[in-house]
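Student: Need the 3D shape of this:
(chains A and B)
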Amino acid sequence: MPVKKQWDVVVIGAGPAGLAAAIAACDSGADVCIIEREKKPGGVLKQCIHDGFGLIRFGERLSGPEYAYRYHQMVSERGIPVISETYLLGITKNQTDGKFLLQMQNSADSIFILEARAVVAATGCRERTARQVFIHGDRPAGILTAGTAQYIVNIQGFLPTRRCVILGSGDIGLIMARRLTLEGAEVEGVYEIKPEPSGLTRNIQQCLTDFEIPLHLSATVLAVHGKRRVESVVIGKVDQSGQPITGTERTVPCDALILSVGLIPENEIIEPLGVEMDRKTGGPIVDQNMMTSLDGLFACGNAVHVNDLVDYVSESGQTAGKAAAAYANVQQQRGLLSERRTVSARRLINIQAAGNMHYIVPQRLDLAHHVGADDGADNCAAFYFRSRVRANSALLRISAGKTLLEERRYAVVRPPEMERITLNLADLNHICSPDWNDLPGQSRLIKAELVSVSEGGDSANDNG
Amino acid sequence: MTMADARQIVCIQCPQGCTLRAEKLGTVPSYEITGNKCPRGRAYAIKELTNPSRTLTTTVATVFSDCPLVSVRTDGDIPLRDVFRAMQELNSYRAKKRLHPGEVMIADLAGTGVALLATSDMITPDTTN
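Tutor: Residues are numbered from 1 along each chain as shown, chains lettered A, B, ... in the order given. Here you go, the predicted model:
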């Protein structure tokens, strides 16, 4: 079936971020479609059969497929087309009319072009692989990422191991330790190179402690052995700098090595457009409307930074969708009314992560445009940040020049646990205009500082 | 250990993962729970001391070739000690009715009195993406 070619908003990816973005764009009056490379919407939620999703958005502890189903229903109710099993080959932006051209490919329509006034990149993230963590030795079958193991068990219905070692204590690895144990496999242990687990504390409890699966901190896999299939791995302890300690090596017989060693935002499709990236998050730099450095290109969800909770992925999608619709609408009106076809320029100020703040998203504020995410809180913008270190008492301070915008105490901050705050931008506009531009360049930024009172030893890995 | 019945518990009710300190007081037990940021933490800590229980999520085979596997979860918690028994029962179970997410597949799972719900969509299935 030939696909309609011109859209206000095209959303790339039908995972939780993309579904929320499309719903919000549609509700704001935009003509929107979603493009998806898989057959069915839902993204990775389809294979995340464990519960704990939707506590914030639905007030219930849903499983991943249920959460995805609810959003899919909302998309269907609105008649938003999901163009599935379709690949995006590349995007270009027409400099004269500001429209985006998306080169698409699928088996029904071969290669075709979609035109969009605004684009939302909801492309999610990928797992870091064995090559990226420099595991040496043989390359037999049986080395797989936790997400692949999850797909094999939960979607295909096969058990990929009888006895395995899990490297990395990321949440998916912990979830898979429990899942494989329930299905009758033996998880010999979970090994984490850092002195502190990288998954959520509650997952350590309900996935490892409940099933008496040992967690070894400051330990890693040094080598893999096996001809056709993994036969054993060599485990060793590491010192404070992550270097293996000689004499601590131990050979563990197993038929699989499962990796849960981090996630990387997937932005290969938008990077050629020259979008500014954040080295810390691995995603594009965005403003509070989730617009990237390129006008009309929005990003949301795990493509921007890796989230702990799907609820916040949906939240950022909603913001991006609503803002994309507003942008497309303005652009359309300008196109009809006059020769000027672009939206008024943004007034961007940078937000600087300082002290122990690992990163903060959004990284910029646009003082000229603000599209509030939720009704009733239109002046507010949501911010997400992570601490670089574990601290038992931390102080967050957000300031513009000499004005303190927000101050908050945290009993505990940990790199694996993302924090969310909202900031009232009405105040900020008051502070920053009209003489903001007269300030020396150095002062024209917002400083988001995290000060620790007591500090642990670990630091977060850069995802870049 | 100075107090035999005092335990440190990580709450699993929400992503906050509060560290709770739970202590059983007296023989007609009352409980002192600290560290929880909400009432669910208190209820969870008491449950942990008396009868630890969990939501079970897994998959079940079906008789439908277009959707051979469906994901399921218990409609609430079942005792932790019953988890493997429930898994055993489900290993030989075949779902014979197409369900929407949230619909009851088994009314009483392994004698726990807790229902098992389908969580993936069997009506418009797709397992090969």
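Student: where does chain B dip in pLDDT?
Tutor: Applying pLDDT under 70 to chain B flags residues B:1-5, B:125-129.
Student: Verify the contact between residue A:378 and residue A:372 for me.
Tutor: Yes. Shown here, residue A:378 and residue A:372 form a contact pair, counting by Cβ atoms under 8 Å, at 3.2 Å. The C-beta positions use only the backbone N, C-alpha and C, and glycine is treated the same way.
Student: most residues in a single helix of chain B, which one?
Tutor: In chain B, assigned by DSSP state H, the helix with the most residues is helix B:39-50.
Student: so how far is that helix from its chain's centroid?
Tutor: Averaging C-alpha positions (Cα atoms, centre = their mean, to the nearest Å) puts helix B:39-50 14 Å from its chain's average.
Student: if we can go back for a sec, more crowded one of residue A:378 and residue A:372?
Tutor: Neighbours of residue A:378 and residue A:372, each counted by other Cβ atoms under 10 Å in any protein chain shown, are more numerous for residue A:372; the result is 18 against 13.
Student: Three-state assignment for that one, please.
Tutor: Counting by DSSP: H, G, I helix; E, B strand; the rest coil, the backbone at residue A:372 sits in coil.
Student: residues contacting it?
Tutor: A:378-381 (Cβ atoms under 8 Å, 6 or more residues apart in numbering or on different chains).
Student: Pull out the buried residues from those residues.
Tutor: For the contacts of residue A:372, a burial check counting by 16 or more other Cβ atoms under 10 Å in any protein chain shown picks out A:380-381.
Student: Which one of the contacts of residue A:372 is nearest to residue A:47?
Tutor: Using Cβ to Cβ, residue A:381 is the member of those that sits closest to residue A:47, with 32.2 Å.
Student: Now that closest one, what are its backbone angles?
Tutor: With angles defined as degrees, to the nearest 10, residue A:381 shows backbone torsions of phi -130, psi 140.
Student: The one 10 residues further on too?
Tutor: Listed backbone geometry of residue A:391 is phi -140, psi 140, with angles given as degrees, to the nearest 10.
Student: where's it relative to residue A:348, distance?
Tutor: According to Cβ to Cβ, to the nearest Å, residue A:391 stands 31 Å off from residue A:348.
Student: Identify the farthest-apart pair in the contacts of residue A:372.
Tutor: The most distant members of the contacts of residue A:372, if one measures by Cβ to Cβ, are A:378 and A:381, lying 9.9 Å apart.
Student: Now the common contact residues for these two.
Tutor: Jointly contacting residue A:378 and residue A:381 under the rule Cβ under 8 Å, 6+ apart are A:370, A:372.
Student: okay, now the domains of the chain?
Tutor: Picked chain A for this. A:1-126+A:263-343, A:129-261, A:344-464 (automatic domain parsing).
Student: The intended chain is chain B.
Tutor: What automatic domain parsing lists as the domains of chain B is B:6-50, B:57-118.
Student: Please convert those to CSV, extending it with distance to chain A.
Tutor: Shown next, in CSV, are those (distance: least, Cβ to the nearest Cβ, whole Å):
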stretch, distance to chain A
domain B:6-50, 4
domain B:57-118, 4
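Student: Out of these, flag the one nearest residue A:315.
Tutor: Closest of the domains of chain B to residue A:315 is domain B:6-50, at 14.0 Å (criterion: Cβ to Cβ).
Student: distance between the closest one and the chain's centre?
Tutor: 17 Å.
Student: next one: stretch A:99-115
Tutor: For stretch A:99-115, the distance from its own C-alpha centre to the chain's C-alpha centre is 26 Å (Cα atoms, centre = their mean).
Student: could I have that stretch exported to PDB, CA atoms only?
Tutor: What follows is stretch A:99-115, C-alpha atoms only, in PDB (Å, rounded to 0.1, in the frame of the first residue of the first chain):
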ATOM      1  CA  LYS A  99      11.500  20.400   5.600                       C
ATOM      2  CA  PHE A 100      13.100  17.000   6.400                       C
ATOM      3  CA  LEU A 101      13.300  14.300   3.700                       C
ATOM      4  CA  LEU A 102      13.500  10.800   5.000                       C
ATOM      5  CA  GLN A 103      14.700   8.100   2.700                       C
ATOM      6  CA  MET A 104      12.700   4.900   3.600                       C
ATOM      7  CA  GLN A 105      12.800   1.300   2.500                       C
ATOM      8  CA  ASN A 106      10.500  -1.600   2.900                       C
ATOM      9  CA  SER A 107       9.500  -4.700   0.900                       C
ATOM     10  CA  ALA A 108       6.100  -3.300  -0.100                       C
ATOM     11  CA  ASP A 109       7.100   0.100  -1.400                       C
ATOM     12  CA  SER A 110      10.800  -0.400  -2.100                       C
ATOM     13  CA  ILE A 111      12.600   2.900  -1.600                       C
ATOM     14  CA  PHE A 112      10.500   6.000  -1.000                       C
ATOM     15  CA  ILE A 113      10.700   9.400   0.500                       C
ATOM     16  CA  LEU A 114       8.700  10.900   3.400                       C
ATOM     17  CA  GLU A 115       8.600  14.600   3.900                       C
END
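Student: what's the neighbour count on residue B:60?
Tutor: 18.
Student: What segments of the chain are helices?
Tutor: No chain in the question, so chain A it is. Under DSSP H, chain A gives helices at A:16-27, A:64-77, A:146-151, A:171-182, A:201-203, A:310-337, A:425-432.
Student: ah, I was thinking of chain B
Tutor: Assigned by DSSP H, the helices in chain B fall at B:39-50, B:83-91.
Student: And the first one, what's buried?
Tutor: Using 16+ other Cβ under 10 Å as the burial criterion, the residues of helix B:39-50 that qualify are B:41-42, B:44-49.
Student: ok, now stretch A:206-225?
Tutor: A:206-208, A:210-211, A:213, A:215-222, A:224.
Student: Looking at the residues you listed, which is nearest chain B?
Tutor: residue A:206 (4.7 Å; Cβ to the nearest Cβ).
Student: what does the stretch 351-464 of chain A put close to chain B?
Tutor: If contact is defined as Cβ under 8 Å from any Cβ of the partner chain, the residues of the stretch 351-464 of chain A in contact with chain B are residue A:417.
Student: which residues of the stretch 351-464 of chain A score low on pLDDT?
Tutor: Scanning the stretch 351-464 of chain A for pLDDT under 70 picks out A:373-377, A:429-443, A:454-464.
Student: Residue of it nearest chain B, please.
Tutor: With Cβ to the nearest Cβ, the shortest gap between the stretch 351-464 of chain A and chain B falls at residue A:417, namely 7.6 Å.
Student: Surely that residue is in contact with residue A:202?
Tutor: No. Applying Cβ under 8 Å, one finds residue A:417 not in contact with residue A:202, separated by 10.2 Å.
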